[in-house]
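Engineer: build the 3D model from these lines:
(chains A and B)
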Number of protein chains: 2
Amino acid sequence: MSSSKTIRRLEVVSPVPADIDIANSVDPLPIAAIAEDLNLGSKHYDLYGKYKAKVLLSALDELQGSEDGYYVVIGGITPTPLGEGKSTTTVGLCQALGAFLDKKVVTCLRQPSQGPTFGIKGGAAGGGYSQVIPMDEFNLHLTGDIHAITAANNLLAAAIDTRIFHEASQSDKALFNRLCPPNKEGKRTFANIMFRRLQKLGISKTNPDELTPDEVKRFARLDIDPDSITWRRVMDVNDRFLRKITVGQGPDEKGMTRETGFDISVASEIMAVLALTTSLADMRERLGRMVVGNSKAGEPITADDLGVGGALTVLMKDAINPTLMQTLEGTPVLVHAGPFANIAHGNSSIVADKIALKLVGKGGFVVTEAGFGADIGTEKFMNIKCRYSGLVPQCAIVVATIRALKMHGGGPEVVAGKPLDHAYTTENVALVEAGCVNLARHIANSKAYGVNVIVAINKFATDTETEMNAVRTAALAAGAFDAVVCTHHAHGGKGAVDLGIAVQRACESQSGTLKFLYPLDIGIKEKIEAIAKSYGASGVEYSEQSEKQIEMYSKQGFSNLPICMAKTQYSFSHIASQKGAPSGFVLPIRDVRASIGAGFIYPLVGTMSTMPGLPTRPCFFEIDVDIATGKVLGLS
Amino acid sequence: MSSSKTIRRLEVVSPVPADIDIANSVDPLPIAAIAEDLNLGSKHYDLYGKYKAKVLLSALDELQGSEDGYYVVIGGITPTPLGEGKSTTTVGLCQALGAFLDKKVVTCLRQPSQGPTFGIKGGAAGGGYSQVIPMDEFNLHLTGDIHAITAANNLLAAAIDTRIFHEASQSDKALFNRLCPPNKEGKRTFANIMFRRLQKLGISKTNPDELTPDEVKRFARLDIDPDSITWRRVMDVNDRFLRKITVGQGPDEKGMTRETGFDISVASEIMAVLALTTSLADMRERLGRMVVGNSKAGEPITADDLGVGGALTVLMKDAINPTLMQTLEGTPVLVHAGPFANIAHGNSSIVADKIALKLVGKGGFVVTEAGFGADIGTEKFMNIKCRYSGLVPQCAIVVATIRALKMHGGGPEVVAGKPLDHAYTTENVALVEAGCVNLARHIANSKAYGVNVIVAINKFATDTETEMNAVRTAALAAGAFDAVVCTHHAHGGKGAVDLGIAVQRACESQSGTLKFLYPLDIGIKEKIEAIAKSYGASGVEYSEQSEKQIEMYSKQGFSNLPICMAKTQYSFSHIASQKGAPSGFVLPIRDVRASIGAGFIYPLVGTMSTMPGLPTRPCFFEIDVDIATGKVLGLS
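Structural biologist: Numbers count the residues shown, from 1 in each chain, chains lettered A, B, ... in the order given. Predicted coordinates:
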């Protein structure tokens, strides 16, 4: 029995009820009790209602001297439409460690986008008896971080178009006069932020009146090339009609129309900045150096050039604090950031992990989830997130299910709405064994980072002992430290005790350093090729456009950034239908883009949708408030 | 000395420092202490950080038996570019009542839009020694209500375009099949919300399979006329390039482009709903009956027809709880809702006022501010807000300044950036007396509602005794209960003690009922004409378009709603330059629109901008975070 005071025992029911019914069957503890159990002083967190709190970065300062706990990342085999239960495993493992194995543990999860909650997908708080609660608060506004991102992203967008507009309609002198207006005594001053642009231009003068006409022009005229603008507006709603739009059609905008579009908010570079930042000062710099496009002369134009980097930081200053919640069994969860896993790195925040590692301390565990399969999520966790954080994981988990492995082994196609093929619900060891090639490559890739790899077999009722043994054998053969069957969906933490024990052993026997897949100081192409090789590709093919972009970013001095591959999650290769472990293919790079503020270059392998749509009958038809109790109905 | 435990005494400095410096010179009290001083049980509020709390509607249930306090509305003379200090007076009066006159008092204010904070206007938390603190939290995200409005507004917008898209590409049968898909057993069910549409159509069947083909078609096909859509998207950012846009230009949207645009979030009908709702159940109904456009047959299409009224309520369920903050002198403030004062009614929320009236109890005071001049703000407070709330005010204040009255009396034009004309800074009794025609009409109009009217003369250093006496004489002659000089900007609550005493006398001697300007059961035109008459108009002129709209709304059964006139705030008439008290003009109605969910018809007298822009050097250039302390810099 745990020494923690907040641990709750679940009374599980079979068959497992609907997620929302389980979530609603447990009264969450006051979040202050969870914080207290973590020895988090009340000055280091702010309550947001009764069941959420923002943990302040000041907690890190106070805990500076403490040792870090063990650091575990959860990835998965290549995803299938059948679902692998990665979030559920993350939560279940932590419930086991905290509620059954008497360990200090913190789960670090991404905040889901609110858009899909009302669309097709439903919520993302885990499932069955392994969930984060309250589920509605987790899936809806939470503590406003995504809203802050939306506001900051769109303030920058407005600043871009407005600046172009004002530059087009004013002379250099008038423009400068408006940017640095004389005060009542006729004296001009630069705003503090303007010194950033002056420095970039190599102008060291501090008195606006001393600028030469040429310096006035260079300072005041950003001269943004409208065709080069990569900054789009965002909205946390599935609104497909905003994917491509024309703005500026009002009579007062003088015909300065421009084609652009909206992405869903979590696709904003600001989300990636939030996930990768390490402090308030670091966030200020990252937000300021975000590149929105180029000048007509080909120079990158930043948020600070537009004068808005400080305001963006102000909008994001509370968002930098992770949100504390709890699992069904009363263990603590930090929810923070939720960047895309293709055009961004798909991992929760560095600051949440850092705080969590200090809070659990030596011998404690922090379990953090990486998006998509391990080829994408774990790879980016290691090469991007850990590179920026300096943190070193001891253990990487690969979550697998029997049915998904069968699909990778050549099982029949799965069609939504149609009953599942017989092959998936009855024993078929051959299919499982064939599918283990996928698992094996993920194990080998993960192991190469210098961590112990554990396979978590997320068991379904119809899976047989023989099938599970086949996976175990294949996993160990591929170099896994262990492979463990778990039933946390049906049993909560109790169902993941064996996994917890394995994770503990794996962490205790590993104290190596992190071996990156590529160093930063090689060329962009070499880095792309190193990642492509880990996918099984025999080579890389660059489009003309991508060659041009690589050349441009190299010339602009950005070639030392890590690479964030935007590839389909449904295959190691670029072709979603290639299950298993394809190899020998040539990976085509269609285009190359960059999130300079967040700090990575992202090659596009195929087309990535950054704005989902709504089906004919979206989830919102079911969602309502019980007006008597105020409870949310119909969330799934 | 007050019996309240939270009262703070200010040490005032002369000349008055910058607003932000005063705000930062005072350490706010923990908001829990403010709540406790109001006898608000901890189960009736949720903390949002240390200095903000959301007061839950459950507080109203518990206080059901208590008597209401006195109810005071603050309006102003017709605004001028010189500013009248209405918010500052609202805060200063409450500081006087609470910190010097030992009264229970709650200030009810609107939440400002975040957009203008980064644009031209700066913040809106009062000024000088009469402010709401912390100023940055007041002006930025607050507790997320406007973000919730943005999310809900845009979910509805996405639902409209997507529904049109899906209806265009599917047969009746396929559409119905998607809306009511069979479950695994082949059985179809209606979502609960669908019964609202079925009822509207007069279909009482509960089994989808029993609908006739004609009923299937009527149920499944909203048949929205794209040209009739009045619902626009919103964003809480000053983004002029979104005023008019074309959406749906992506290749997957099959050429279904449409011209539309964005308003700033506070212009959303959902903001007006939030301000006018009286309970969670009432909000659910109002959100569901919002009309987004017409079917091609001319029937109004609602959010509930689209199946999204429940989801909108879920997004707004926390926003319905007002936010508790504090003044510089430690008196409580409820910040809630901030609808436009032209296309909406410009008043803070009914629920905040209701809670406040119960919290202060018998003999206590609730002071609530109405937007723009009394012709608009107070008129809409009485005829729209109080009509829906059933609350009865005892006192209406008209805030005036000597310099603004001089302008109404024919003083020279004021140009931004140029020094103020001599006439405004030296004694000129004749100009003041001439300007009092404006004040007199506001007094007479306010008095007609059956309240005592007090003029608050917001004193500037250069105002003379003779000038102030002239205002006092004119005010009393026009029927004011009293006219009082106040200096709360320079002195905090102490400077508004005389005003506080006058307000107390005015409230104690008034116990009448509210006399509305018009009954609801007359025609739309008759109501418009009653309001126009209060402006001094001799008649009303309707455009062809407005005639058409009035006919349509009458036919659709909406003629019994109150009227919310969208008129310039700078004159009693429709011509902003007509200062003083113009009369005999004919008020032109350009168009007539409706916010059916919020519950009013709004005639447009002229063009109202619903999306501000950014200047060449917006406020954001000054705004940054002090990375050492985390404090916000440069807010004004």
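Engineer: ok, the closest residue to residue A:270 other than its chain neighbours - contacts?
Structural biologist: Distances taken as CB to CB, 6 or more residues apart in numbering or on different chains put residue A:149 closest to residue A:270, at 4.8 Å, once the chain neighbours are dropped. Just so you know, the C-beta spots here come from the backbone N, C-alpha and C atoms, and that holds for glycine as well. Counting by CB atoms under 8 Å, 6 or more residues apart in numbering or on different chains, residue A:149 touches A:234, A:265-266, A:268, A:270-271, A:274, A:316, A:319.
Engineer: which residue does the stretch 301-450 of chain A bring closest to chain B?
Structural biologist: Relative to chain B, the nearest point of the stretch 301-450 of chain A is residue A:310 (2.9 Å; CB to the nearest CB).
Engineer: can you tell me the SS state at that residue?
Structural biologist: helix (DSSP: H, G, I helix; E, B strand; the rest coil).
Engineer: that one and residue A:276, how far apart?
Structural biologist: Going from residue A:310 to residue A:276 by CB to CB, to the nearest Å gives 19 Å.
Engineer: isn't residue A:507 right next to residue A:451, touching?
Structural biologist: No - contact criterion CB atoms under 8 Å: residue A:507 and residue A:451 do not qualify, at 9.3 Å.
Engineer: list the contacts for residue A:549?
Structural biologist: Counted by CB under 8 Å, 6+ apart, residue A:549 has contacts A:591-593.
Engineer: could you dump the residues you listed to CSV with pLDDT, distance to chain B and neighbour count?
Structural biologist: Compiled in CSV, those are given as follows (pLDDT from 0 to 100; distance: CB to the nearest CB, whole Å; neighbours: other CB atoms under 10 Å in any protein chain shown):
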residue, pLDDT, distance to chain B, neighbour count
A:591, 97, 17, 17
A:592, 97, 22, 25
A:593, 97, 18, 17
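Engineer: narrow these to those in strands?
Structural biologist: A:591-593 (DSSP state E).
Engineer: ok so, going back, any idea how far the residue nearest to residue A:270 is from chain B?
Structural biologist: The spacing between residue A:149 and chain B, counted by CB to the nearest CB, to the nearest Å, is 11 Å.
Engineer: what average pLDDT does the host helix or strand of that residue get?
Structural biologist: In this assignment (DSSP states H and E), residue A:149 forms part of helix A:145-168. Helix A:145-168 carries an average pLDDT of 98.
Engineer: pull out the buried residues from it.
Structural biologist: A:145-167 (16 or more other CB atoms under 10 Å in any protein chain shown).
Engineer: then stretch A:371-387?
Structural biologist: Buried residues in stretch A:371-387 (16+ other CB under 10 Å): A:371-387.
Engineer: same thing with stretch A:356-366?
Structural biologist: Buried residues in stretch A:356-366 (16+ other CB under 10 Å): A:356-360, A:364-366.
Engineer: ends of it, how far apart?
Structural biologist: Stretch A:356-366 stretches 6 Å from its first residue to its last (CA to CA, to the nearest Å).
Engineer: gap between that stretch and the chain center?
Structural biologist: 21 Å (CA atoms, centre = their mean, to the nearest Å).
Engineer: ok, stretch A:503-514 next?
Structural biologist: 25 Å.
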